[in-house]
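Asker: This is a predicted model, with the sequence first.
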Amino acid sequence: MRFSTNYIIYPENRALERAIANAIGILSEEVAAAAVPDTKVAVADNFLYTRGNYEQRRFSSKIFESLREALEVSLTDTSITGKSRDQKPLAWAETQNNLGNVLAALGQQRRDAELFERAIQCFSNALEEFRQENSPLEWAATQYNLGTANQALGRLLDATKPLKLAVDAYTNALLVWTRDESPEDWMFTMHQLGDTFHAYGKLLKGNRQFQKSVVAYKNALAVLDADNYALELTATHNNRAAVLHHLGETEENPERLEEAIRSYEKALTVSMEQQLPIHLAVLCRVNKTTAQNVLAELTNDTGLAEEVADEFEVIIECFSHALQPLCLRHCEEQMNKAKSLALATSASR
């Protein structure tokens, strides 16, 4: 079946941020200075938190290519680090981790599968030295990195194999990161599992993967609160709703769609109350109204279809500045669909 369009929100990538912070010291002062984002002019970014798992806000993305070159040289030139892999294997493995994150960020920027594959190889290299028995925390972090790179590759290629590998890697990370001992890492991993199962389910057209996604997001919600994790809480409510939305379509189940709508409403509420970037609240509103459109079609509800058409008209008129061009087009198409449904249903009566 063809799923309706909805939009997911990605949490901040702290692993990428740490990789840049750890590696920036090997750059010259002049090049490193370019890593600081230009914040002198405030410019609305309507793609923030929606591009994928490798966005970065603490550091400028202009630094990625310079970091890649420097990290690759450092792995082969011992005069830079003073230590070879044989002499300091864990430091070598950490450099592989840093390089993998930078390569994946470049892969996302350029939509380049080969860069993601090189990132995956870096994380696999690191796992040759980081073992669960001897370096459990580093091993878990590397498994998480491996999962995220495979998830990004699977999304890019619409391929199930990388998504399956991502699930395996995240599951490995959870062998070390437990809810009691590492609640934040556990939460992020559960969220990423939710994202991965959702993408996996769309490719397989399979409810079982969607159901696993819903459970993973529910687990993540158990340790989230609006004061400390406003973005993550918004993203998890929204993304869980997106899965329920698609699950409702596959099952032709109004109750699933109603649950999705309630979850979108929670995401919208948190986003507004915590004053996150306005386009995130608008996306939650677009998602909610799209789900209502599916519900109206499924139940032949003329009144709801009219409400949906009115709501999309408001979104288009009041918030077009906060929407990406393709999302604005989606809103126009959904508005016209709702109007047509309302007219057709009224005419049949």
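Answerer: Perfect, I can see it now. For clarity, every value in this text was computed on a predicted model and none was experimentally measured. Numbering: from 1, shown residues only.
Asker: which outside residues touch the strand or helix carrying Cys327?
Answerer: Assignment of secondary structure by DSSP states H and E places Cys327 within helix 325-348. With contacts defined as CB atoms under 8 Å, 6 or more residues apart in numbering, helix 325-348 is touched by 5, 7, 283, 286, 289-290, 293, 296-297, 300-302, 305-306, 308-309, 312-313, 315-316, 320, 323. No exception for glycine: its C-beta is placed from N, CA and C like everyone else's.
Asker: quick check: mean pLDDT across it?
Answerer: In this model, helix 325-348 has a mean pLDDT of 89.
Asker: Can you give the distance from stretch 90-106 to the centre of its chain?
Answerer: The chain centre lies 20 Å from the centre of stretch 90-106; the measure is CA atoms, centre = their mean, to the nearest Å.
Asker: can you pull the alpha-carbon coordinates of it into CSV?
Answerer: Taking C-alpha atoms only, stretch 90-106 is exported to CSV below (Å, rounded to 0.1, in the frame of the first residue of the first chain):
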residue,chain,number,x,y,z
LEU,A,90,42.0,2.0,22.2
ALA,A,91,43.0,5.5,21.1
TRP,A,92,43.1,4.1,17.5
ALA,A,93,39.6,2.7,17.9
GLU,A,94,38.4,6.1,19.3
THR,A,95,39.8,7.8,16.2
GLN,A,96,38.0,5.3,14.0
ASN,A,97,34.8,6.2,15.9
ASN,A,98,35.4,9.9,15.4
LEU,A,99,36.1,9.4,11.7
GLY,A,100,33.0,7.3,11.2
ASN,A,101,30.8,10.0,12.6
VAL,A,102,32.3,12.7,10.4
LEU,A,103,32.0,10.4,7.3
ALA,A,104,28.4,9.7,8.1
ALA,A,105,27.7,13.5,8.5
LEU,A,106,29.2,14.1,5.1
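Asker: so how far is Leu326 from Ser4?
Answerer: Using CB to CB, to the nearest Å, Ser4 is found at 14 Å from Leu326.
Asker: between those two, which one's more packed in?
Answerer: Neighbours per residue (other CB atoms under 10 Å) separate Ser4 from Leu326, with Ser4 holding more: 18 against 10.
Asker: give me every residue that touches Leu268.
Answerer: Ala281, Cys284, Arg285, Lys288.
Asker: ranking those residues by neighbours, who comes first?
Answerer: Cys284 leads the contacts of Leu268 on contacts (other CB under 10 Å) with 29 neighbours.
Asker: wait, what's in contact with it?
Answerer: Thr234, Asn238, Tyr264, Ala267, Leu268, Ser271.
Asker: Domain-wise, how is the protein divided?
Answerer: Annotated domains of the chain cover 1-223, 224-349 [automatic domain parsing].
Asker: so what's Ala21 up against?
Answerer: Ala21 touches Arg58, Phe59, counting by CB under 8 Å, 6+ apart.
Asker: tell me which residues of stretch 147-163 are tucked away?
Answerer: Gly147, Thr148, Ala149, Asn150, Gln151, Ala152, Leu153, Gly154, Arg155, Leu156, Pro162, Leu163 (16 or more other CB atoms under 10 Å).
Asker: Does the last one touch Ala152 like I think?
Answerer: Pointing back at Leu163 there. No - using CB atoms under 8 Å, Leu163 is not in contact with Ala152; the gap is 10.1 Å.
Asker: wait, isn't Gln56 in contact with Asn13?
Answerer: Yes - with contact defined as CB under 8 Å, Gln56 counts as touching Asn13 (6.7 Å).
Asker: Now Gly52, what are its backbone angles?
Answerer: phi 150, psi -170 (degrees, to the nearest 10).
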